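Colleague: no FASTA, just this:
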């Protein structure tokens, strides 16, 4: 699983054979330049989901339910999740939180909307956590995350994202569930993995989490390409003849 936020990138990762594309609220940071995912709105997620869906032919498209889109009431959660499906074209939604939101998640599932859960480090709770920190390192928090996973499975989610938890805890949870786990910073024992596309391609340089592997350095390559473009334009090397259009000389003479 990888994130995508626009048609072009979605088309590329889908053609490469990715199983699932996540329209993540991570767009708030890597696309909009915010310090967290909290400012992202429902309308913004729907907008990006529409673009991604147009580029995907095979992969499962999952869209994040943004902060406060499901926190007020079950009815509002179902209504907003429905908008993600009807207007955005997503095939499933992802909702953060465990025990506190299990009943709300169940209500969305009961409305025939597939839900992927998300526990561990839940970015929408960054202020409550006191920052982006690894979760589940002590007995109390580890037990809470394990119980959250069980509750979400009972609520009917089809998969659970485990973010920034110890490898051994992720292994325990994965073995205890009947549904698949998707890890991000949770080790190799999960059934699948998800990364933010801008991180794994080396396009986002504000900070690089420990769990990220950069499979490319596009930041450097794009910078070099832009600098080459600037130089060629200033030197008159671009556009060259093969980049221009010709016209009949007789027609040109008639314009004088």
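Modeller: Noted; the coordinates are in hand. A quick note: this is a predicted structure, and the numbers were derived from the prediction, not measured.
Colleague: tell me which helix or strand comes right after the host helix or strand of residue 105.
Modeller: Here residue 105, judged by DSSP states H and E, is contained in helix 102-110. Downstream of helix 102-110, the first helix or strand assigned by DSSP H and E is strand 115-120.
Colleague: give me the domain ranges for this protein.
Modeller: With automatic domain parsing as the criterion, the domains of the chain are listed as 2-217, 221-254.
Colleague: now those in a markdown table, with mean neighbour count and mean pLDDT?
Modeller: The C-beta positions use only the backbone N, C-alpha and C, and glycine is treated the same way. Below are the domains of the chain laid out as a markdown table (neighbours: other CB atoms under 10 Å; pLDDT from 0 to 100):
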| stretch | mean neighbour count | mean pLDDT |
| --- | --- | --- |
| domain 2-217 | 19 | 96 |
| domain 221-254 | 9 | 96 |
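Colleague: can you show me the helices along the chain?
Modeller: 7-15, 27-30, 42-55, 74-86, 102-110, 126-129, 139-155, 167-176, 197-200, 218-235, 249-254 (DSSP state H).
Colleague: what's next to the second one, contact-wise?
Modeller: Right, the one you point to is helix 27-30. For helix 27-30, contacts defined as CB atoms under 8 Å, 6 or more residues apart in numbering pick out 3, 5, 34-40, 44-45, 48, 196, 198-199, 203-204, 206.
Colleague: any idea how far the nearest residue to residue 178 once chain neighbours are set aside is from residue 194?
Modeller: Distances taken as CB to CB, 6 or more residues apart in numbering place residue 153 nearest to residue 178, at 6.7 Å, with adjacent residues excluded. In this view, residue 153 and residue 194 are 19 Å apart by CB to CB, to the nearest Å.
Colleague: check residue 133 too.
Modeller: 19 Å.
Colleague: ditto for residue 48
Modeller: With CB to CB as the criterion, residue 48 and residue 194 are 16 Å apart.
Colleague: swap in residue 173?
Modeller: The span separating residue 173 from residue 194 equals 16 Å under the rule CB to CB.
Colleague: next: residue 102.
Modeller: Applying CB to CB to residue 102 and residue 194 gives a distance of 22 Å.
Colleague: show me what contacts residue 107?
Modeller: When contacts are counted by CB under 8 Å, 6+ apart, residue 107 touches 74, 77, 78.
Colleague: the second one - nearest residue in space that isn't next to it in sequence?
Modeller: Translated: residue 77. Distance criterion CB to CB, 6+ apart; nearest residue to residue 77, sequence neighbours excluded, is residue 70 at 3.6 Å.
Colleague: residue contacts, residue 150?
Modeller: 176, 177.
Colleague: how about 10 Å then?
Modeller: 98, 99, 102, 173, 176, 177 (CB atoms under 10 Å, 6 or more residues apart in numbering).
Colleague: hang on, the earlier thing: now do the residue nearest to residue 77 against residue 82, distance only.
Modeller: 11 Å.
Colleague: same thing with residue 247?
Modeller: 54 Å.
Colleague: next up, the contacts around residue 159.
Modeller: 1, 20, 60, 62, 92, 94, 114-118, 152-153, 177, 179-182, 191-192 are the contacts of residue 159 under CB under 10 Å, 6+ apart.
Colleague: mind running it again at 8 Å?
Modeller: 116, 117, 179, 180, 181, 182, 191, 192.
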